[in-house]
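Student: quick one, structure for this:
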Amino acid sequence: MPLSPNPYAALKEASRYVRLFRGKTFVVKVGGEVIAEPKIRKALCEQIALLWSFSIKVVVVHGGGAELDAVCEAMNIPVQKVAGRRVTSPEVLDAAKMVFAGQVHMDLLAELQAAGVPAVGLTGLDAGLLKATRRPPVPVVPDGATEPQLVDFGLVGDIDTVDPHVLSHLLEGGFVPVVAPLSGGEDGAIYNTNADTIAASLATALGAEKLFFLLSVPGLLKDVHKASSLVPHATLDELAAFEAKGVISGGMRPKVAAVKAALQGGVASAHLVSGVAPDALLAEIFTNEGSGTMVVASQPVTGGAK
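Tutor: As a prediction, this is how the structure comes out:
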């Protein structure tokens, strides 16, 4: 491999970001479709290990929708989703407990440990991290429709409060918390809670510098069939315009809602990044060009660092 005119230029560029982000908190939400493949999961955990080695405080939140779908299918449990969000029956909740706090959780923890990361597994029920109440029936406009319909999402929890003390203690101790998407009610109920929503809530409560959503696509695309239509930078106003045009649909809808909540809650920036492209997370953090979509509240990005 031929050397560039200055083989240390990339290292110098990266070191600037290492100094900038040392001691800062990043929340990384990983979709189940990203971590289901062992090779991709290993590569992702190696990237997280590098962030941790640079003294960046990392909280990982994971989903597991594809695995939950597979378990439900194997158990003949109906799967229903509206606008990218799952309807959770009692049977689906039982399956979610098996998948989110079991299979997916353990595989991710094991891979992080293998990468040298002192990961600690949690759910929203641990130490009262996430308190929630059951979501009442809400009006939702399904993909492709123009009129809302009333949807009962079942045993889905809307987050009422976040108590981040257990995360803060773990982060200060040098650990990497890994949070599964289950929350608890004051009455002892257990709820399925959207992992994107959890990630945004935790990022806000921790005063995180950045919130990342790792996807099976390069980022926010104007045309979901064309990777070349990637939107590198966006503001909340621009996101609203994309929504009005129907650009945002399916599973991207809850992610964009979570991006909005996080930025409005004080998180400096949110990023939609590929979880499958080699080292895409590192490229988004440690290069000027980035690799995915960076979203900020209102100030346009004119070519500065991601």
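
Student: so, low pLDDT: which residues of the stretch 1-150 of the chain?
Tutor: Residues of the stretch 1-150 of the chain meeting the criterion pLDDT under 70: 1-5, 7, 144.

Student: if we go to 50?
Tutor: Along the stretch 1-150 of the chain, segments meeting pLDDT under 50 span 1.

Student: tell me the helices in it, going along the chain?
Tutor: Along the stretch 1-150 of the chain, counting by DSSP state H, counting those that start in this stretch, helices occupy 9-21, 32-35, 38-53, 65-74, 90-98, 104-114.

Student: surely residue 26 touches residue 213?
Tutor: No: Residue 26 is not in contact with residue 213 according to CB atoms under 8 Å; the separation is 11.9 Å. Any C-beta I mention is one placed from the backbone N, CA and C, and that applies to glycine too.

Student: and the two? Which one has more around it.
Tutor: Just comparing residue 26 and residue 213: by other CB atoms under 10 Å the higher neighbour count belongs to residue 213, 33 against 23.

Student: give me the distance from the one helix or strand the more buried one maps to to the chain's centre.
Tutor: Here residue 213 sits within strand 210-215, counting by DSSP states H and E. With CA atoms, centre = their mean, to the nearest Å as the basis, strand 210-215 stands 5 Å off its chain's centre.

Student: about what we covered before: pick the most buried one from the helices of the stretch 1-150 of the chain.
Tutor: Ranked by mean neighbour count, these are led by helix 32-35 with a mean of 22 (mean count of other CB atoms under 10 Å).

Student: from the contact counts, what lies against that helix?
Tutor: Packing contacts for helix 32-35, counted by 3 or more CB pairs under 8 Å, 6 or more residues apart in numbering; DSSP states H and E, involve helix 38-53, helix 65-74, helix 104-114.

Student: which residues does the nearest residue to residue 202 once chain neighbours are set aside contact?
Tutor: Using CB to CB, 6 or more residues apart in numbering and skipping the chain neighbours, the partner closest in space to residue 202 is residue 27 (5.5 Å). Listed by CB atoms under 8 Å, 6 or more residues apart in numbering, the contact set of residue 27 reads 58-61, 199, 202-203, 206, 208, 210-212.

Student: how much space between residue 27 and residue 188?
Tutor: Look at residue 27 and residue 188: by CB to CB, to the nearest Å, they are 27 Å apart.

Student: nearest to residue 11, of the helices and strands packed on helix 32-35?
Tutor: Closest to residue 11 of the helices and strands packed on helix 32-35, according to CB to CB: helix 38-53, at 13.3 Å.
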